[in-house]
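1. need coordinates for the following:
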Amino acid sequence: MLSTDLMTELSTTEPATAGLLPGQSWAAEEHYRSAASPFGYGEGGGPELAHPDEDAGAGPDAGPHPHLPLRLSQAAARLPRILVMLICLLYLAGAAYGWGSQGLADFMGDFGLAGAALTASCSCFGYGLVSGGRHRGAWLCFGLSSLMVALGNGIWGWYECVLGQSLPSPSVADFVFLFFAPPAILGLLTLSNRPRNAAGWLCLALDGWLIAGSLLTLSWSLALARTAAGDQHSPLRLAVGLAYPLLDILLISMVLGLRFRGQDGNRAAAHTAIVGLALTVFCDAVFTTQSFKDAYHSGQLLDAGWFCGSMLLAWAPWSGGGRAHTRESVRRPRVASTFSALTPYAATGVCTVGLLYNALGQHHLDRFVLIVSCTVVIALILRQGVMLLDNLALAQRLSHQERHFRSLVQGSSDVIMIADPDGVLRYVSPAAAGVYGRPAEELVGTRLPEMVHPDDLGHVLWEVQRYLAKAHAEPTARIECRVRSGAGEWLDVESTVNRYRDGLIFNCRDVSERVRLQAQLEHNAFHDALTGLPNRAFFLKRSREVLTSRPEKRPDVAVLFVDLDGFKAVNDTAGHQVGDELLVLAAQRLRESVREGDLVARLGGDEFAVLLVGGVDRERAFGIAERLRAAVSAPYVLAGEDHAVAASIGIAFAEPGGDPEGAADLLRSADLAMYQAKKRGKDRVHEYSPELRTELRRRTELDQRLRVAVREGEFTLVHQPVVDLRTGSVSGLAAQARWRSAQGLLLTPAEFLHAAGAGERAVRLSRWMVEHAIAQAAERGGSLPVTVRLSPRVLTASGLVEAVDGALRRCALPAQRLVVEIGESAPGALDGRAHGVDELVQRLARLRLLGVGLVLDGLGGGATPLSELRRLPVDALKLERGVVDGLLESAFLRTLASSVLRIGRELGLETVAEGVDSAEQARVLRDLGCSRGQGMHFAPPMGEDELRELLVSTRTSEDGSV
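-> Sure, this is the predicted structure:
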């Protein structure tokens, strides 16, 4: 506990529903006040928050509690509830109109009540047997109580309806009815929460007597006194006549005293049972009054009250079905304390009313009323005394705990701060003077963000906001940041954050020494102690990072492995001290000879490694290696003597498309190349793997041939008709590139690009395809659109949209006659580059503005995930060849094709199938709802002359079909 002044100050602070902390720019304070703030304290449950270091825009259901009472589902609970209400209304209507005959009224007033009580008994017994928990006994007691009522009403009905006799007084039914109250009282005690100490038990007993005594005073004055006077000559009748009302009074005392003591888990069931019992007791009181005047007979309206009470008790165990216990329902305010505080005074008021009625309505004061009233007053005095003593003890305990916790807070070496919803510090413990070098009084009223380092503020705000959004899942949060001290320096502080009323409490400690020690340990773990250079572990870690972050530029990453020739001789002749000094100088020369951004590391002994990153081709890598070799081979003057060593260097280049985890293999390759240099005479540079040089030469040669082929027209375009599956007419053309090799063979793009690699060659070829497809379409005339298949890699290449726009303008071709198909199997997809969907969407949107049609192939694939379909402005979806090929044999592929086609129809998109090679495939696709198709079944890819003949023949045919 904090001090009383502190708690008073915070309790009087107005709760802010939209309190804010400023953002990273104090000049933009008003902007952040209008935005969502991490200090707007809600109950959580909001969306997941993005870390400030992550891209913008990038919660578990609790299982069933084992101790909750057995519950029905919401749907299953609704019908029985309606049925109970309907039965009660029907019985009430029958009782109100006398049931039509006296015989039926007697039967329903006796056996009808017996049936309702028996139903309640079976319901409570059944629930008690199938459910678990500590409330099981309560429902068994309620079942026994209802069974007594059913048995009593059955005996009553036997006399009246079967034997046709008046019920003797007293009768067996009267004795059976006496056993209704004791089990019900025991059930209420079992269902309620028990007091935790002796004072609680004593207050409960006094409350019970206050209620019971008050009701007894009032009922004695109204009716029981005359009942006792009329049965003075029959002790048995007197006992029976008074026992039942007294038990009812005791039962209603339990109902009133324990009304709000049920737990949340059984609140609905307990309240329903209490209402049912209270209704039964009320009807018993009315019956006592009517029996005194001989005005009761079976079947009247009073029986409806008993009937409804039994039916409520029958429904009570199941009344909580289908309700979800949320945190809000558990935390709703309860009125138990208010009711408990008013209970003694209300009971005393009832007792006073009974006493006044007895005094004013009779000539002399009843001695029994006087005695009971006195005991009620005494009980009230005792209860007030007990509560006073308990409050005094509680106040002393609270004062002791307050002093204890105040000494802990003020004597703690950690700084305890409390911030209001606006981020203003309202309390700072005295430890701030020792930790921050600033007195606590100076910090009070300061805005918390003003103390945090600007670079850490975004992280702090994010952590606080994330904690508030998950306050129920995370009771505390830990935040590390830098805080300004009184001397102006930045201290590393670790804070534990907790909720405190409508603010936050921060428990802060200075961890600057720990942070410095961690930094030193991390430096020692990744650096060589002798030379200060990074060690092997750091070198491999950095290499993996470079290979991961530069997927398209790995060819400009190289590793040099440097070994000192002759170092062992220096060590043996001059000693290890001189050898260590030589290693330090060699490390310094290596570091000075590389470029900024390159990494030099000592691997161990006389071995070093250099990581060259960015702008490293073979010539430059060899130049750097030669510079390193010359620097290391220069003479060393140590201990007045000259020492000379040489350097053997191996070079290994990172391969494109390699595994980022292959950093160790890259270092090993450079090591092998270094050993090859040593084998060839030392003091030289050698490149790893002659096979790699051969592969590079082959790719360079093929790249040159591709350039010549594009320039000299060795490439050609073929077109395959796209057919409307419903009418069979040609609805479009699909352009494909072919390369006529020196042997006269037509090679597909996949074949020659696989042989030559991808990259810029694929981009140049794709531009050539687009330009020639547009030119031939303009020359061909007509209205058929031509489709060109491009990969996301090509679509996101620089200048492609401008090239398409320029070709359309130059050839005067309407943009609607050009369709771009986005597919991974297109040229350029083999380079393995990962494309961002955002960049692809931007390029497609620009093509869409030009009027170019867009078709998406490979729905759900790598560059076109299903989740991003809503962002791609496409006009049609295309089934890939792999799905169409297995359409007839695989039910799974038919289902997959049907799903894709249905998605297209529901989104208003056209659907196209590729690879339709048989009539049966065309029929199945048409039945599945596919609009168009292309494949060998209709026509193969053909040259321009064949295509013109085909188009002429389709125009002259009767139906225009292929």
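2. what packs against the helix or strand that contains Arg406?
-> Here Arg406, judged by DSSP states H and E, is contained in helix 367-411. Judged by 3 or more Cβ pairs under 8 Å, 6 or more residues apart in numbering; DSSP states H and E, helix 367-411 is in contact with helix 198-219, helix 336-361. Every residue, glycine included, has its C-beta placed from N, CA and C.
3. the ones you listed: lowest mean pLDDT?
-> Looking at those, the lowest mean pLDDT belongs to helix 336-361 (a mean of 60).
4. the strands in the stretch 501-650 of the chain, which residues?
-> Residue ranges of the strands in the stretch 501-650 of the chain, as given by DSSP state E, counting those that start in this stretch, are 503-510, 557-565, 599-604, 607-613, 636-638, 641-643, 646-653.
5. tabulate those (JSON lines), appending mean neighbour count, distance to Cys811 and mean pLDDT.
-> As requested, these are exported to JSON lines (neighbours: other Cβ atoms under 10 Å; distance: least, Cβ to Cβ, whole Å; pLDDT from 0 to 100):
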{"stretch": "strand 503-510", "mean neighbour count": "21", "distance to Cys811": "67", "mean pLDDT": "86"}
{"stretch": "strand 557-565", "mean neighbour count": "24", "distance to Cys811": "43", "mean pLDDT": "91"}
{"stretch": "strand 599-604", "mean neighbour count": "21", "distance to Cys811": "52", "mean pLDDT": "92"}
{"stretch": "strand 607-613", "mean neighbour count": "24", "distance to Cys811": "45", "mean pLDDT": "92"}
{"stretch": "strand 636-638", "mean neighbour count": "15", "distance to Cys811": "71", "mean pLDDT": "89"}
{"stretch": "strand 641-643", "mean neighbour count": "13", "distance to Cys811": "74", "mean pLDDT": "87"}
{"stretch": "strand 646-653", "mean neighbour count": "24", "distance to Cys811": "43", "mean pLDDT": "90"}
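6. tabulate those strands (TSV), appending distance to Ser319.
-> Converted to TSV, the strands of the stretch 501-650 of the chain look like this (distance: least, Cβ to Cβ, whole Å):
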stretch	distance to Ser319
strand 503-510	40
strand 557-565	72
strand 599-604	73
strand 607-613	72
strand 636-638	94
strand 641-643	96
strand 646-653	77
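7. to Leu907, which of those lies closest?
-> With Cβ to Cβ, the closest approach to Leu907 among these belongs to strand 557-565: 43.6 Å.
8. and the closest one, what does it pack against?
-> Counting contacts by 3+ Cβ pairs under 8 Å, 6+ apart, strand 557-565 is packed against helix 536-549, strand 607-613, helix 618-633, strand 646-653, helix 663-679.
9. if we go to 10 Å?
-> For strand 557-565, the elements it packs on are helix 536-549, helix 576-593, strand 599-604, strand 607-613, helix 618-633, strand 646-653, helix 663-679, strand 685-687, judged by 3 or more Cβ pairs under 10 Å, 6 or more residues apart in numbering; DSSP states H and E.
10. the third one relative to helix 536-549, how many degrees between them?
-> Counting by axes from the mean of the first three to the mean of the last three Cα atoms, to 10 degrees, strand 599-604 points 140 degrees away from the direction of helix 536-549.
11. dump strand 599-604 to PDB, restricted to CA.
-> Provided in PDB are the C-alpha atoms of strand 599-604 (Å, rounded to 0.1, in the frame of the first residue of the first chain):
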ATOM      1  CA  LEU A 599      34.500  -7.100 -42.700                       C
ATOM      2  CA  VAL A 600      37.900  -8.500 -41.500                       C
ATOM      3  CA  ALA A 601      37.900 -11.300 -38.900                       C
ATOM      4  CA  ARG A 602      40.500 -13.500 -37.200                       C
ATOM      5  CA  LEU A 603      39.600 -17.100 -37.500                       C
ATOM      6  CA  GLY A 604      42.300 -18.400 -35.300                       C
END
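12. quick one: strands adjacent to it?
-> Partner strands and pairing direction for strand 599-604 (DSSP bridges) are strand 607-613 (antiparallel).
13. repeat that for the shortest one.
-> Strand partners for strand 685-687, identified by DSSP bridges, are recorded as strand 646-653 (parallel).
14. between helix 576-593 and the partner strand, find me the angle.
-> 40 degrees.
15. among the strands of the stretch 501-650 of the chain, which comes closest to Glu463?
-> strand 503-510 (11.3 Å).
16. tell me what the closest one is packed against?
-> strand 415-419, strand 425-428, helix 432-435, helix 454-469, strand 477-484, strand 490-500.
17. repeat that with 8 Å
-> Packing partners of strand 503-510 (3+ Cβ pairs under 8 Å, 6+ apart): strand 415-419, helix 432-435, strand 490-500.
18. can you list the ones you listed in JSON lines and add distance to Pro182 and mean pLDDT?
-> Below are those laid out as JSON lines (distance: least, Cβ to Cβ, whole Å; pLDDT from 0 to 100):
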{"stretch": "strand 415-419", "distance to Pro182": "55", "mean pLDDT": "86"}
{"stretch": "helix 432-435", "distance to Pro182": "65", "mean pLDDT": "82"}
{"stretch": "strand 490-500", "distance to Pro182": "48", "mean pLDDT": "86"}
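19. just those: most buried one?
-> Comparing those by mean neighbour count (mean count of other Cβ atoms under 10 Å), strand 415-419 ranks first with a mean of 23.
20. just checking: what are the partner strands of that one?
-> strand 425-428 (antiparallel), strand 503-510 (antiparallel).
21. thinking again about what came up before, Thr796: which of the strands of the stretch 501-650 of the chain is closest?
-> It's strand 557-565; of the strands of the stretch 501-650 of the chain, that one is closest to Thr796 (Cβ to Cβ) at 23.0 Å.
22. give me the angle between the closest one and strand 599-604.
-> Here strand 557-565 runs at an angle of 40 degrees relative to strand 599-604 (the same axes, to 10 degrees).
23. what angle do strand 557-565 and helix 663-679 make?
-> 40 degrees.
24. strand 557-565 vs helix 618-633, what angle?
-> Per the same axes, to 10 degrees, the angle that strand 557-565 makes with helix 618-633 is 30 degrees.
25. for stretch 717-726, list the C-alpha coordinates in PDB.
-> Once non-C-alpha atoms are left out, stretch 717-726 reads as follows in PDB (Å, rounded to 0.1, in the frame of the first residue of the first chain):
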ATOM      1  CA  LEU A 717       6.100 -15.400 -82.000                       C
ATOM      2  CA  VAL A 718       3.500 -18.100 -82.300                       C
ATOM      3  CA  HIS A 719      -0.200 -17.700 -81.400                       C
ATOM      4  CA  GLN A 720      -2.600 -20.300 -80.000                       C
ATOM      5  CA  PRO A 721      -6.300 -19.600 -80.300                       C
ATOM      6  CA  VAL A 722      -8.400 -19.100 -77.100                       C
ATOM      7  CA  VAL A 723     -11.900 -20.600 -77.700                       C
ATOM      8  CA  ASP A 724     -15.200 -19.800 -76.100                       C
ATOM      9  CA  LEU A 725     -16.300 -23.200 -74.600                       C
ATOM     10  CA  ARG A 726     -20.000 -22.300 -75.000                       C
END
